[in-house]
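Chemist: Predicted model and sequence below, questions to follow.
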Amino acid sequence: MSLASKVSIARPGTLSLRATVPEGIVAFLDIHEGDKLEWKMEIIDGERVALVRRKKQV
């Protein structure tokens, strides 16, 4: 399954961007408000890929 979201400016004057997590991904990863996400960057077959997962609470 492939889902898309639009990227917008997080805060004017910074390089940070913001994107909405689609409902399907929220359900699939069981994400709730306040959860933290862990991002991992890789190059796969010459393409830049970001992997994201819900960070386990300690």
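Modeler: Yep, it's here.
Chemist: As a quick check, tell me the outermost residue of this structure.
Modeler: Relative to the centre of the chain, the most outlying C-alpha is that of residue 13, 21.5 Å out, by Cα atoms, centre = their mean.
Chemist: Run through the helices of this protein in chain order.
Modeler: For the chain, helices defined by DSSP state H occupy the ranges 23-29.
Chemist: Look at the most centrally placed residue in it and report its pLDDT.
Modeler: Among the residues of the chain, the one closest to the centroid is residue 52, at 5.6 Å (Cα atoms, centre = their mean). If you check residue 52, the pLDDT there is 94.
Chemist: so how far is residue 23 from it?
Modeler: As judged by Cβ to Cβ, to the nearest Å, residue 52 and residue 23 stand 15 Å apart. For glycine as for every other residue, the C-beta is placed from the backbone atoms N, C-alpha and C.
Chemist: ok, back up a step: quick one, phi/psi of the residue farthest from the centre of the chain?
Modeler: Per-residue torsions, residue 13: phi 90, psi 0 (degrees, to the nearest 10).
Chemist: can you map out the strands along the chain?
Modeler: Along the chain, counting by DSSP state E, strands occupy 7-9, 17-19, 37-44, 47-54.
Chemist: Residue 31: how many residues sit nearby?
Modeler: Residues within reach of residue 31, counting by other Cβ atoms under 10 Å, total 16.
Chemist: doesn't residue 21 make contact with it?
Modeler: Yes. Counting by Cβ atoms under 8 Å, residue 31 does reach residue 21; the two are 6.5 Å apart.
Chemist: residues near the nearest residue in space to residue 38 that is not next to it in sequence, how many?
Modeler: The shortest distance from residue 38 to any non-neighbouring residue, by Cβ to Cβ, 6 or more residues apart in numbering, is to residue 55 (4.4 Å). By the criterion of other Cβ under 10 Å, residue 55 has 11 neighbours.
Chemist: quick one: residue 55 and residue 37 touch, right?
Modeler: Yes. Residue 55 is within contact range of residue 37, at 6.4 Å (criterion: Cβ under 8 Å).
Chemist: Okay, the closest residue to residue 3 other than its chain neighbours and residue 42: tell me how far apart.
Modeler: Excluding the flanking residues, the one nearest residue 3 by Cβ to Cβ, 6+ apart is residue 22, at 4.2 Å. Separation of residue 22 from residue 42 (Cβ to Cβ) stands at 21 Å.
Chemist: Many thanks, have a good one.
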